[in-house]
Structure formats: structure tokens, C-alpha cells
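Undergrad: give me the fold of what follows.
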Amino acid sequence: MPNIATILKAEISRVARKEVRAEIETLRKASAQHRSAIAALRRQVDSLEKELRRAHKGAARVRSSPDAAASTEQAPARRFSAARLAAHRGKLGLSAAAYGQLVGVSGQTIYHWEQGKARPRAAQLQALAGVRGMGKRDVQQHLSAA
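TA: This is a model prediction of the structure:
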């Protein structure tokens, strides 16, 4: 006949495991709910930060608007495309530094424009338009003269 103490010990541990399993399951569910709530809050913070950045950009444009209005009266409005800039630089076979020398900016600035990390100002757009009108020979002459 088995020892009553070992049977009692085995039964107590079985019941204890059952109780612990039930408690852990409720904690696991609560933890999952908390994680999903945290993820939703992070998404909300990201969207609010993005909206705030847009508002700051809009405010900066409004502040610089009087200066821009004066410059647009003198010259036609220019559009900028990062892909076109990269394609034109590739067509001319120039490095970003050489292309920047033509425009009057650094090679890093050209790289940022091509990557879409920055946009040229109105005066720089005029310089870009001037470079767009140049051919390979004109560019080589201009670079060798400078």
C-alpha cells in the first residue's frame, strides 16, 4: 500500500498547479491587453508627432510667404523633382560634388535633395533650372573654368 504522505503530497501539488495555471492565464490575458493598448498609444503618438511636423512646416511656409511672393513676381514658379535631379546628374555623368559646384551648394546637399530629405529654396531652384539648360560640353567648360 502506498504511503499516504506521498499521495497527499502529489494531490496537493496537482491542485496547486491547477490553481497557478488559472492565475497565470488571467495574467497572460491582461498582459496581452496591456501590450495592445501600448501599441495603440504609440501609433497615436506617432501620428500626432507627424501632424505636428506638418503644422510646423506649414507655419514656416506661411512665415516665408512674403519673401517667396516677391521672388515669384520676378521669375516663374519652378517645380522640383528629386528623381529628375538624380536622372539629370546621371545623364551628365557628374558626381554630387561636381553637380553641387555648378548649382552653388555642397555635394551633400545634392545628395539630400535626391533622397528627398531636403528641398531646394527658390534661389537654388533658379540655379538648378540654369544647370538643366546646360549640355555636357557646357558643364565641362564651366567646371574647368571654376
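
Undergrad: ok, residue 49 to residue 42 distance?
TA: Residue 49 sits 11 Å away from residue 42, going by C-beta to C-beta, to the nearest Å. All C-beta atoms are positioned from the backbone trio N, CA, C, and that covers glycine.

Undergrad: again with residue 12
TA: For residue 12, the distance to residue 42 - C-beta to C-beta - is 44 Å.

Undergrad: swap in residue 15?
TA: From residue 15 to residue 42 the distance is 41 Å (C-beta to C-beta).

Undergrad: got the phi/psi numbers for the residue positioned nearest the centre of the chain?
TA: For the chain, the residue sitting closest to the mean C-alpha position, by C-alpha atoms, centre = their mean, is residue 117 at 7.7 Å. Backbone geometry at residue 117, expressed as degrees, to the nearest 10, gives phi -80, psi -20.

Undergrad: elements contacting the host helix or strand of residue 9?
TA: According to DSSP states H and E, residue 9 maps onto helix 4-74. Contacts defined by 3 or more C-beta pairs under 8 Å, 6 or more residues apart in numbering; DSSP states H and E place helix 4-74 against helix 122-132.

Undergrad: skip ahead from the helix it packs on and say which helix or strand is next.
TA: That would be, after helix 122-132 and using DSSP H and E, helix 136-145.

Undergrad: now tell me what touches that next one from outside.
TA: Under the criterion C-beta atoms under 8 Å, 6 or more residues apart in numbering, residues 92-94, 98, 101-102, 131, 134 lie in contact with helix 136-145.

Undergrad: where does this protein have low pLDDT?
TA: 1, 62-76 (pLDDT under 70).
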